[in-house]
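>>> Here you go, sequence then predicted model.
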Amino acid sequence: MGFILTRERGRVIRARTGFYDVQHGELVLRCTLRGTLKRKHRTETGRRIYADPGAVGDEVLFSQIDDEEGVVEDILPRQTKFSRQYAGRHGDIEQVIVANAHQIVAVVSTAMPPLNFRTLDRFLILAEAGEMDAVICLNKMDLVDVAQRREFIGIETGRALLPEDIETGRALLPNYEQLGYRVIYTSINMPESLEALREVLRDKFSVIVGASGVGKSSLLNAIQPNLGLRTGEVGEKTQKGRHTTTLVELFALDIGGEVADTPGIREVGLWGVDTENLEHYFPEMEPYLGTCKYNDCAHVSEPDCAVQDAVESGDIHPERYRSYVVLRMGDDAGL
Ligand SMILES: Nc1nc2c(ncn2[C@@H]2O[C@H](COP(=O)(O)OP(=O)(O)OP(=O)(O)O)[C@@H](O)[C@H]2O)c(=O)[nH]1
Ligand SMILES: [Mg+2]
Ligand SMILES: [Zn+2]
């Protein structure tokens, strides 16, 4: 070994509580945090304020110990963050899943596992709260017939994604495109459909999120086979993924840009979101705000509520409104 790097700038590409793989050019060092830095991320009472002070995507200053190991001296300010609320031992704390990303790609599947708009809407809100753009990816377009409960004719590998497929897929979703979200329609069994995903990922730093089994890792393998990410079958009976990806990991893409693959999170707790003002995260509600009878209307059961009227008249999509009510009232709202 020639010389040892001190207080050089690097990037966290993998994080396992307490350990960080920091990349600097060709070099990747397994690092821990300097003690002073650990203390900085605790309150005066010593309570942790983050599930983990460092996150994948963090820009850090590190010092090298030897060929393999180093120490993180400082974590540089984050431009954006994708965080969720994490149930810690002493109450809820922030878990930063990825720092400094430009956008999230929120993946849902037409079937296996079935579409879940509650989870998707949580991801969209977290993207907004963390100051990232969000793109929605409806995957498993080859199963769109299953989703519609039409007779399943089997997977036709290599088939092109036709405009009528996209129409069918679009009809399965609330009006996200109208709300300004870009929606792409993909299948790992329809190679041409992946061009849209490449276009979304190219030259950006993206985080790919979504429930276990929707095909996050499979999509990344499909656009770049040398990633060789592990993928897992979805349970035939349970219709649930098996939590195959267990670690957030950052990859450079051959087409330009970087992507962080993430494990399917079971509970997407909102962090950094003021639920009292939740309506501001629903762009479709904006035109009606301030026009309800009560100034402090929660738009849930109040009389003369412009938002509820808009749901009734079909101007606000019922699935989106359901997400709003669940998040505003808490998960025990029975919806
Ligand atoms: N029919 C079909 N199956 C797909 C498609 N994409 C992925 N799959 C399958 O879905 C299953 C789950 O894929 P994964 O890539 O492991 O899913 P994941 O989202 O990474 O899941 P976790 O890592 O557990 O969060 C695998 O059996 C894939 O082969 C698709 O477009 N069509
Ligand atoms: Mg995975
Ligand atoms: Zn109202």
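Great, that's in hand. Numbering: from 1, shown residues only. Ligands and ions are numbered 1, 2, ... in the order given.
>>> ok, how many other residues are close to the residue nearest to residue 283 when sequence neighbours are not counted?
Nearest residue to residue 283 in three dimensions, chain neighbours excluded: residue 179, at 5.2 Å (Cβ to Cβ, 6 or more residues apart in numbering). Every C-beta, even on glycine, is put in place using the N, C-alpha and C of the backbone. For residue 179, the count of nearby residues is 14 (other Cβ atoms under 10 Å).
>>> what sits opposite the residue most central in space within the chain in the beta ladder?
In the chain, the centroid-proximal residue (Cα atoms, centre = their mean) is residue 209; its distance is 3.3 Å. On the basis of DSSP bridges, residue 209 is bridged to residue 106.
>>> go on, residue 11?
residue 23, residue 59.
>>> That one is in contact with residue 59, isn't it?
Yes: judged on Cβ atoms under 8 Å, residue 11 makes contact with residue 59 at a distance of 6.0 Å.
>>> Would you map the helices across the stretch 51-200 of the chain?
117-129, 144-147, 163-172, 194-201 (DSSP state H, counting those that start in this stretch).
>>> hey, which of those helices is tucked in deepest?
helix 117-129 (a mean of 22; mean count of other Cβ atoms under 10 Å).
>>> how about the CA coordinates for that helix, as PDB?
Below are the C-alpha coordinates for helix 117-129, written out as PDB (Å, rounded to 0.1, in the frame of the first residue of the first chain):
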ATOM      1  CA  PHE A 117     -52.600   2.200  -3.900                       C
ATOM      2  CA  ARG A 118     -52.300   2.900  -0.200                       C
ATOM      3  CA  THR A 119     -48.600   1.900  -0.300                       C
ATOM      4  CA  LEU A 120     -48.000   3.700  -3.600                       C
ATOM      5  CA  ASP A 121     -49.600   6.900  -2.400                       C
ATOM      6  CA  ARG A 122     -47.400   6.800   0.700                       C
ATOM      7  CA  PHE A 123     -44.300   6.500  -1.500                       C
ATOM      8  CA  LEU A 124     -45.500   9.500  -3.500                       C
ATOM      9  CA  ILE A 125     -45.900  11.600  -0.400                       C
ATOM     10  CA  LEU A 126     -42.500  10.600   0.900                       C
ATOM     11  CA  ALA A 127     -40.900  11.600  -2.400                       C
ATOM     12  CA  GLU A 128     -42.600  15.000  -2.100                       C
ATOM     13  CA  ALA A 129     -41.600  15.400   1.600                       C
END
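>>> Touching, residue 29 and residue 63? I think so.
No: in this structure residue 29 lies outside contact range of residue 63 using Cβ under 8 Å: 9.4 Å.
>>> overlap in contacts of these two?
In terms of Cβ atoms under 8 Å, 6 or more residues apart in numbering, residue 29 and residue 63 are both contacted by the residues residue 70.
>>> Just want to know which of residue 11 and residue 59 has more residues nearby.
residue 11 (21 against 17).
>>> Quick check: the gap between the more buried one and ligand 1.
23 Å (Cβ to the nearest ligand atom, to the nearest Å).
>>> how near is that residue to residue 185?
32 Å (Cβ to Cβ, to the nearest Å).
>>> Lowest average pLDDT across the helices of the stretch 51-200 of the chain?
Per-stretch mean pLDDT for the helices of the stretch 51-200 of the chain is lowest at helix 144-147 (a mean of 76).
>>> how much distance is there from that helix to the middle of the chain?
24 Å (Cα atoms, centre = their mean, to the nearest Å).
>>> and residue 251, that one's in a strand?
Yes: checked against DSSP: H, G, I helix; E, B strand; the rest coil, residue 251 lies within a strand.
>>> Burial check on it, number of neighbours?
Applying other Cβ under 10 Å, I find that residue 251 has 16 neighbouring residues.
>>> Surely it is in contact with residue 258?
Yes: taking contacts as Cβ under 8 Å, residue 251 lies within contact range of residue 258: 6.5 Å.
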